[in-house]
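# coordinates for the following, if possible.
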Amino acid sequence: MPHGTLDRSPPPFFRQGLPARTKLVLFSALAIFLMAADGRLALIKPLRAAAATALLPVVRVLSIPVQGWNDAGDYLGGLKTALAHENEMRQLLAAQAERSSRVEQLAQENAKLRALLELRPAISVKSLAAEILYEAPDPFSHKVFLDRGSQNGVAAGAPVVNESGVLGQVTRVYPYSAEVTLLVDKDAAIPVVNSRTQHRSAAFGSGDGHTLELRFVASNDDVQSGDVLTTSGGDGVYPPGLAVAKVAAVNRSADSSFARIQLAPTAVPDGVRHVLVLEPVGLQMPPRPEPSPEPDNSARNRRGGKR
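Predicted structure coming up:
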């Protein structure tokens with residue numbers, strides 16, 4: 001075909017209607033108008049809602065593979081974590097079973113030794129579960145209130161403990177509540193014994209809400225950082241062996257005959273909600289025998305004088 005006979009006119013599709021530039025301006029103006037009308041009058045909102053409703057089944061169907069993939073990943077990850085926790089719990093259960101068998105064996109040996117020495121059985125401490133209601137409003141003291149009182153069997157002087165150790169002591173009892181003075185209070189004191197040296201002393205609250213002090217201990221006494229202090233059990237209030245504190249710092253001064261010993265309580269009162277109220281040991285002890293009346297020697301002396 002000769003070069004001059006080629007048809008260079010545009011196709012019929014582009015020759016129909018308005019020019020392309022005019023269409024661009026027209027549709028751009030229409031788009032701006034629709035956006036402005038939708039922002040001002042919300043004209044497109046019903047149309048958008050209808051489109052979203054119509055496309056919802058399609059979105060659901062298309063999201064099934066993605067959701068299935070995510071669920072499979074979560075399942076496999078959770079299964080792996082569950083298996084790891086199962087192995088850890090099995091090891092812990094085995095350790096607890098071994099410890100329980102040792103405790104049972106020691107309890108049997110203890111019972112045999114007490115029977116051999118004709119000692120009475122150890123006192124079983126009674127306990128009552130309680131919940132801390134609120135702290136005392138006094139900013140200069142460290143006291144809390146429990147939701148148990150005299151109507152529930154709480155007695156004044158009862159020890160209050162949690163899973164970590166001794167928290168404090170009941171100082172006031174009301175019918176349905178009780179006030180507990182924490183060990184970190186400046187007026188609190190508790191007799192303790194050093195688990196390493198078996199030396200007995202008394203721990204006092206420092207009043208700062210975080211530490212205790214071991215007072216009246218000679219500067220040359222064998223006390224080291226890290227020593228564990230427990231209740232001695234000789235005061236008739238606290239059962240023996242309850243964790244109280246750990247020696248945090250020991251300061252010995254040459255110009256003082258007493259050492260300054262700072263303690264860290266094992267039971268931190270911050271964040272504690274549930275506690276156990278123990279019955280004081282003195283209430284479980286057998287009553288003391290009454291002293292026998294002294295013989296009346298006056299009548300005997302009178303009879304002797306008549307002779």
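# which element, helix or strand, includes the residue nearest the centre of the chain?
By CA atoms, centre = their mean, the chain has its centre lying nearest to V272, at 5.3 Å. For V272, there is no helix or strand it lies in under DSSP states H and E.
# stretch 48-57: how far from the chain's middle?
The chain centroid and the centroid of stretch 48-57 are separated by 50 Å under CA atoms, centre = their mean, to the nearest Å.
# what of stretch 221-230?
With CA atoms, centre = their mean as the basis, stretch 221-230 stands 26 Å off its chain's centre.
# ends of that stretch, how far apart?
18 Å (CA to CA, to the nearest Å).
# residues in contact with the nearest residue to D222 once chain neighbours are set aside?
The spatially closest residue to D222, leaving aside those adjacent along the chain, is T197, at 5.2 Å (CB to CB, 6 or more residues apart in numbering). C-betas here are computed from N, CA, C, even on glycine. Neighbouring residues of T197 by CB atoms under 8 Å, 6 or more residues apart in numbering: D222, V223, D227.
# the first one reaches H199, doesn't it?
Yes - at 7.1 Å, D222 counts as touching H199 under the criterion of CB atoms under 8 Å.
# domain ranges for this structure?
Following automatic domain parsing, the chain resolves into domains at 11-41, 127-284.
# and of those, who's closest to G68?
domain 11-41 (36.5 Å; CB to CB).
# roughly how far apart are the nearest residue in space to G207 that is not next to it in sequence and V160?
Nearest non-adjacent residue to G207, counting by CB to CB, 6+ apart: K186, 3.3 Å away. Per CB to CB, to the nearest Å, K186 is found 18 Å from V160.
# quick one, which of these two is more surrounded?
The neighbour count for K186 versus V160, taken as other CB atoms under 10 Å, is higher for V160 (27 against 14).
# what about that one, which helix or strand?
Using DSSP H and E, the element containing V160 is strand 159-161.
# and whichever helix or strand comes after that strand, how far from the chain's centre?
Sequence order places strand 166-173 as the next helix or strand after strand 159-161, per DSSP H and E. Relative to the centre of its chain, strand 166-173 is centred 19 Å away, using CA atoms, centre = their mean.
# determine the set of other helices and strands touching the host helix or strand of Q105.
In this structure, Q105 is located in helix 45-116 according to DSSP H and E. Helices and strands touching helix 45-116, by 3 or more CB pairs under 8 Å, 6 or more residues apart in numbering; DSSP states H and E: there are none.
# identify the residues contacting the closest residue to L133 other than its chain neighbours.
For L133, ignoring the flanking residues on the chain, the nearest one in space by CB to CB, 6+ apart is F145 at 4.8 Å. Contacts for F145 (CB under 8 Å, 6+ apart) come out as I132, L133, Y134, E135, A136, S177, A178, E179, V180.
# look up how far D270 lies from F145.
F145 is 16 Å from D270, by CB to CB.
# what is the burial count for the residue nearest to G165 when sequence neighbours are not counted?
Of all residues not flanking G165 in the chain, A243 sits nearest, at 3.4 Å (CB to CB, 6+ apart). By other CB under 10 Å, 19 other residues sit near A243.
# got the phi and psi for A243?
Backbone dihedrals for A243, given as degrees, to the nearest 10, come out at phi -70, psi 130.
# for R15, report the pLDDT, please.
pLDDT recorded at R15 is 55.
# and T5, by the same measure?
If you check T5, the pLDDT there is 61.
# quick check: mean pLDDT of stretch 24-36?
Mean predicted confidence for stretch 24-36 is 85.
# buried subset of the contacts of T197?
Neighbour-count burial (16 or more other CB atoms under 10 Å) applied to the contacts of T197 gives V223, D227.
# in a markdown table, list the contacts of T197 along with distance to L34.
Listed next are these as a markdown table, based on distance: CB to CB, whole Å:
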| residue | distance to L34 |
| --- | --- |
| D222 | 90 |
| V223 | 85 |
| D227 | 81 |
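# which other residues reach the strand holding V160?
130, 146, 166-170, 180, 237-239, 242, 267, 275-278, 280.
# let's see 10 Å
If you take CB atoms under 10 Å, 6 or more residues apart in numbering as the criterion, strand 159-161 is touched by 125, 127-128, 130, 132, 144, 146, 154, 166-170, 178, 180-183, 190, 231, 237-239, 242-244, 267, 269, 272, 275-281.
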